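Participant: Provide a 3D model corresponding to the input given below.
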Amino acid sequence: MRYGLHTGYWAAGPPTGTAEAVLAADRLGFDSVWTAESYGSDALTPLAWWGAATSRVRLGTGIMQMSARTPTATAMAALTMDHLSGGRFVLGIGASGPQVVEGWYGQPYPKPLARTREYVDIVRQVLRRDGPVTYAGTHYRLPVDGGTGQGKALRSTVHPLRSDLPIHLAAQGPRNTALAAEIADGWLPAFVSPKLDAAYREHLADGFAARSPELTPSESFEVCASVPVALGRDLESAADQIRPHLALYIGGMGSATTNFHRDAIERLGYTQECAQVQRRYAAGDKAGAAAAIPLELVLDVALVGPPAAIREQLAAWESSVVTTLILQTDPRLLPALAEVLGLTAD
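Facilitator: Okay, here's the model as predicted:
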């Protein structure tokens, strides 16, 4: 098992202590550092800024929203980051949801799987640099139809450091997960649990069966799961640190009809609990929504408690399909967590 650090979303400004935590992750033997974006801070700028002071950790976007950039713009950013980091960049992308895509980016959301397939095709074409980039898809066309009629198929002026730069897909549903296994180099899930490991393996197997032989072998496929972590004197006090986070994603994310995070948690068997959390959150009772999160749910999707309890909980994750645990935690706790995880500084 490898471990990563998730720097999380910004609120009013940069999260306190994150720059120091990124340096600590590099020093303490963490595998990777990941940044996020929603509709505030972007994922690339902090990764480049904080990552410039590191030398070992991989630098991943978890995630870049596809609707925020054209496929070629994403490929440009990826090859640039890969050069600047000396081959440590991981391109994590995802479709996001209709509320953000249509409300913030002004782009249509329907057919996210088909759009993702075309998007990744174009990014890989840029990275291969076999010739000028052309594409005649349903969602993306290069050169574009119409316009001035002067559009020209172009090839990147920059030679990518790695033509096989890893692309990871964020996915939570069964079909999206299978698509990640079919066309990507890794899967970036959230709110997964070892209790559904057999189902995850089945979805991934479906995708691997359709995987092109031109891609890296499925044996090298990564599963980098974001997992909330909280240290505490006991399970309940530690779980209290995670409950508001889960309540936000269950009750405050997405729309009333489309919330992929809630769907993932309902698949764990918490349909009634999710409905109660959503009702309270929608009514403005955020504290009540958090209180409605049972300890069992926290233990299913997070690592919580004193060090001995967290070490015990890790056993289930280590035998699961997950290859990297991306820790979502208070950045000031990173040195203590590294000790719990058995990581040591050089």
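
Participant: switch to C-alpha atoms for all contacts and neighbour counts from now on
Facilitator: OK.

Participant: so what are the domain limits for this protein?
Facilitator: 2-229+306-341, 233-301 (automatic domain parsing).

Participant: how far does the first one stretch from start to finish?
Facilitator: What it means is domain 2-229+306-341. 10 Å (Cα to Cα, to the nearest Å).

Participant: quick check, distance from it to the centre of its chain.
Facilitator: Centroid separation for domain 2-229+306-341 versus its chain: 5 Å, with Cα atoms, centre = their mean, to the nearest Å.

Participant: do the same with the shortest one
Facilitator: Centroid separation between domain 233-301 and its chain, computed with Cα atoms, centre = their mean, is 19 Å.

Participant: Tell me where the model's unsure across the chain.
Facilitator: Applying pLDDT under 70 to the chain flags the ranges 346.

Participant: Can you tell me the centre-most residue of it?
Facilitator: Ranked by distance to the mean C-alpha position of the chain (Cα atoms, centre = their mean), the top residue is Gly62 at 3.6 Å.

Participant: Dihedrals phi and psi, that one?
Facilitator: Dihedral angles of Gly62 (phi, psi; degrees, to the nearest 10) stand at phi -130, psi 60.

Participant: who does the top helix by length along the chain touch, helix- and strand-wise?
Facilitator: Using DSSP state H, we find that the single longest helix of the chain is helix 112-128. For helix 112-128, the elements it packs on are helix 71-85, helix 174-183, judged by 3 or more Cα pairs under 8 Å, 6 or more residues apart in numbering; DSSP states H and E.

Participant: Check those helices for me and report the most buried one.
Facilitator: Most buried of the helices and strands packed on helix 112-128, by mean neighbour count (mean count of other Cα atoms under 10 Å): helix 174-183, with a mean of 23.

Participant: That one vs helix 112-128, what angle?
Facilitator: In terms of direction (axes from the mean of the first three to the mean of the last three Cα atoms, to 10 degrees), helix 174-183 departs from helix 112-128 by 20 degrees.

Participant: Helices along the stretch 201-346 of the chain, start to end?
Facilitator: For the stretch 201-346 of the chain, the helices defined by DSSP state H, counting those that start in this stretch occupy 235-247, 260-266, 271-282, 286-291, 295-301, 307-318, 334-341.

Participant: How about the contacts made by Ala289?
Facilitator: Residues near Ala289 by Cα atoms under 8 Å, 6 or more residues apart in numbering: Pro244, Ala247, Gly251, Gln276, Val277, Gln278, Arg279, Arg280, Tyr281.

Participant: didn't the first one look like it was pressed against Ala290?
Facilitator: In other words, Pro244. Yes. Pro244 is within contact range of Ala290, at 4.9 Å (criterion: Cα atoms under 8 Å).

Participant: For those two, work out which one has more neighbours and name it.
Facilitator: Set Pro244 next to Ala290 and count neighbours by other Cα atoms under 10 Å: Ala290 wins out with 23 against 19.

Participant: could you measure that one against Asp240, distance?
Facilitator: To Asp240, Ala290 is 8 Å away according to Cα to Cα.

Participant: Now list the buried members of the contacts of Ala289.
Facilitator: Pro244, Ala247, Gly251, Gln276, Val277, Gln278, Arg279, Arg280, Tyr281 (16 or more other Cα atoms under 10 Å).

Participant: Output those residues in TSV; the columns should cover distance to Thr80.
Facilitator: Converted to TSV, these look like this (distance: Cα to Cα, whole Å):
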residue	distance to Thr80
Pro244	37
Ala247	37
Gly251	37
Gln276	46
Val277	42
Gln278	41
Arg279	45
Arg280	45
Tyr281	41
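
Participant: Of the residues you listed, just say which sits nearest to Lys152.
Facilitator: Gly251 (46.4 Å; Cα to Cα).

Participant: need the contact list for the residue nearest to the closest one when sequence neighbours are not counted.
Facilitator: Spatial nearest neighbour of Gly251, excluding adjacent residues (Cα to Cα, 6 or more residues apart in numbering): Gln278 at 4.1 Å. By Cα under 8 Å, 6+ apart, the contact set of Gln278 is Ala247, Ile250, Gly251, Gly252, Ala289.
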